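Engineer: Need coordinates for the following:
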Amino acid sequence: MLRQRLITASLLFLLVLVLIFWAPFWVFLVFLMLLTFLAGREWGHLSLIVWPNGLALLLAALLPMLILSQHLPWSALAQGSVIWWALLAALLMLMPPSLLREAAAWQRPVSAMTVFPVLLPALLFSLSLQQRAPQFLLWVILVISADDVGAMTFGKIWGRHRLVPRISPGKTWEGLLGGLLASAIMGTLGAWVWIGAAVQSLLSGAVLGLLTGAFAVLGDLSESFLKRRADCKDSGQLLPGHGGLLDRLDSMSAGIPAFVAGLYYLGWWK
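Structural biologist: Take a look at the predicted model:
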């Protein structure tokens, strides 16, 4: 299983690397539309709705319509997305346990429609970064990947205290700290490579990595909530050793907007 997981992760990374630095705009857009459709369908299945393909088609169609409108308020979108994820985190923490056991009929379409603010901002920012500063898109992917690896490693070795057991029993506070440490280190390394070696730049990179890693956890928990309620271990079987596409995009969905918001605050978004 570990060998299969590593092979899949390596192939995915190589594909993404080629797309980030060498794919023209329309190729990257088509790639993201495909990801949007597949991830939207998985989200629909986890939301227990009867029209997951319709949801996925609508989501995929909205992506080019928004990006080609040329009137997207990028700064407001980044800030709004961060606020959305903060509110969603509060909702998940305060949600009564009864909502985790079974979704009522009215809750299923509501859960399904949340896929729009969950996935679209991250995908829009990915396309914009690929056009404006592809190295920053690689940077945020590395930060979030470091967060995942750090959390998994620390959780397996030292994990004792569960983070949110009623939503994701496997996550621990030790894993959270390990993930945040790894994302802060990757944030610092990225700042050193792409911003400069000044102390202020390195400290800003560490904070940016920490912020991105923290929000990536929120994205992970949002999908964990749906999987818990749908009684599914993975969102699908598309990626050998990893599960579904959402199992890889959940952290990105919250981490990328937080990263872009940090770029705006630091004055690094050009």
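Engineer: so where's the stretch 1-150 of the chain shaky on pLDDT?
Structural biologist: Flagging of the stretch 1-150 of the chain using pLDDT under 70 yields the residue ranges 1-6, 70, 96-106.
Engineer: again but with the stretch 151-270 of the chain, I slipped
Structural biologist: 234-243, 270.
Engineer: 50 - rerun?
Structural biologist: Low-confidence segments of the stretch 151-270 of the chain, defined by pLDDT under 50, are absent.
Engineer: could you pull out the helices for it?
Structural biologist: Listed from the start of the chain, the stretch 151-270 of the chain has helices (DSSP state H, counting those that start in this stretch) covering 173-194, 199-230, 246-266.
Engineer: Tell me which of the ones you listed is the most buried.
Structural biologist: Ranked by average neighbour count under the criterion mean count of other CB atoms under 10 Å, these are headed by helix 246-266 at a mean of 25. All C-beta spots, glycine's among them, are computed from the backbone N, C-alpha and C.
Engineer: would you turn the helices of the stretch 151-270 of the chain into TSV with distance to Leu119?
Structural biologist: Putting the helices of the stretch 151-270 of the chain into TSV (distance: least, CB to CB, whole Å) gives the following:
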stretch	distance to Leu119
helix 173-194	21
helix 199-230	10
helix 246-266	5
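Engineer: Okay, now the sheet partners of the strand ranked longest in the chain, with direction.
Structural biologist: Looking only at the chain and at elements set by DSSP state E, the strand with the highest residue count is strand 168-172. Using DSSP bridges, the neighbouring strands of strand 168-172 in the sheet come out as strand 162-164 (antiparallel).
Engineer: nearest to Leu15, of the helices of the stretch 151-270 of the chain?
Structural biologist: For the helices of the stretch 151-270 of the chain, distance to Leu15 was read as CB to CB. The smallest value, 12.1 Å, belongs to helix 246-266.
Engineer: ok and that closest one relative to helix 173-194, angle-wise?
Structural biologist: Counting by axes from the mean of the first three to the mean of the last three CA atoms, to 10 degrees, helix 246-266 lies at 50 degrees to helix 173-194.
Engineer: Return the list of helices and strands in contact with helix 246-266.
Structural biologist: Using 3 or more CB pairs under 8 Å, 6 or more residues apart in numbering; DSSP states H and E as the contact test, the elements touching helix 246-266 are helix 25-46, helix 74-94, helix 115-132, helix 134-158, helix 199-230.
Engineer: what's next to the second one, contact-wise?
Structural biologist: Put plainly, it is helix 74-94. Contacts made with helix 74-94 from outside it, assessed by CB atoms under 8 Å, 6 or more residues apart in numbering, are listed as 114, 117, 121-122, 124-125, 128, 164, 167, 215, 218-219, 221-222, 225, 254, 257-258, 260-261, 264, 269.
Engineer: same thing but 6 Å
Structural biologist: Outside of helix 74-94, the residues within contact range by CB atoms under 6 Å, 6 or more residues apart in numbering are Pro117, Pro121, Phe215, Leu218, Leu221, Phe225, Ala254, Pro257, Ala258, Val260, Ala261, Tyr264.
Engineer: again with the shortest one
Structural biologist: Helix 115-132 is touched from outside by 20, 28, 32, 36, 40, 43, 63, 67, 77, 81, 84, 136-137, 252-253, 256-257, 260, with contacts defined as CB under 6 Å, 6+ apart.
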